[in-house]
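**Q** Kindly generate the corresponding structure for this input.
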Amino acid sequence: MLIQLVHIQVQPGKREAFIEAFRLNWQGAQTESGNIRFDLLCDPEDENSFSVYEIFADEAALDEHRATPHYRRCIELIDPLTTGRRSKRFFAPILVEGRAVTRP
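**A** Numbers count the residues shown, from 1 in each chain. You can find the predicted model right below:
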């Protein structure tokens, strides 16, 4: 299991365009067999600060996701709307819905 949290800061005034562009990736990810969870979250104190909570079956599933047309198109559309690079952090599962993991 691979868990990733991606942070994306969107330019002021570009929030709705970002959400619509990201929807392509979100919808496409739902169809991927290696995708377990794919949520777009917004900071309640900053409407232009987003996080994507992603769980994939393994690294190969994440690589497959990054190669999909919906991912590539989404990146093309959102890059001009953001304030810089996306930051990514990986996490080891400990207590995850549907399973308990004692060691990563």
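**Q** would you list every one of the helices in this protein?
**A** 15-29, 59-66, 69-78 (DSSP state H).
**Q** now the ones you listed as TSV including mean neighbour count?
**A** All C-beta spots, glycine's among them, are computed from the backbone N, C-alpha and C. Formatted as TSV, the helices of the chain follow (neighbours: other Cβ atoms under 10 Å):
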stretch	mean neighbour count
helix 15-29	17
helix 59-66	15
helix 69-78	16
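**Q** wait, which of the ones you listed is closest to residue 93?
**A** Closest approach to residue 93 among the helices of the chain (Cβ to Cβ): helix 59-66, 13.8 Å.
**Q** From the rest of the structure, what touches the closest one?
**A** Defining contact as Cβ atoms under 8 Å, 6 or more residues apart in numbering, one finds that helix 59-66 is touched by 2, 4, 29, 32-35, 54, 56, 71.
**Q** Now do it against helix 15-29, angle only.
**A** Going by axes from the mean of the first three to the mean of the last three Cα atoms, to 10 degrees, helix 59-66 is angled at 130 degrees with respect to helix 15-29.
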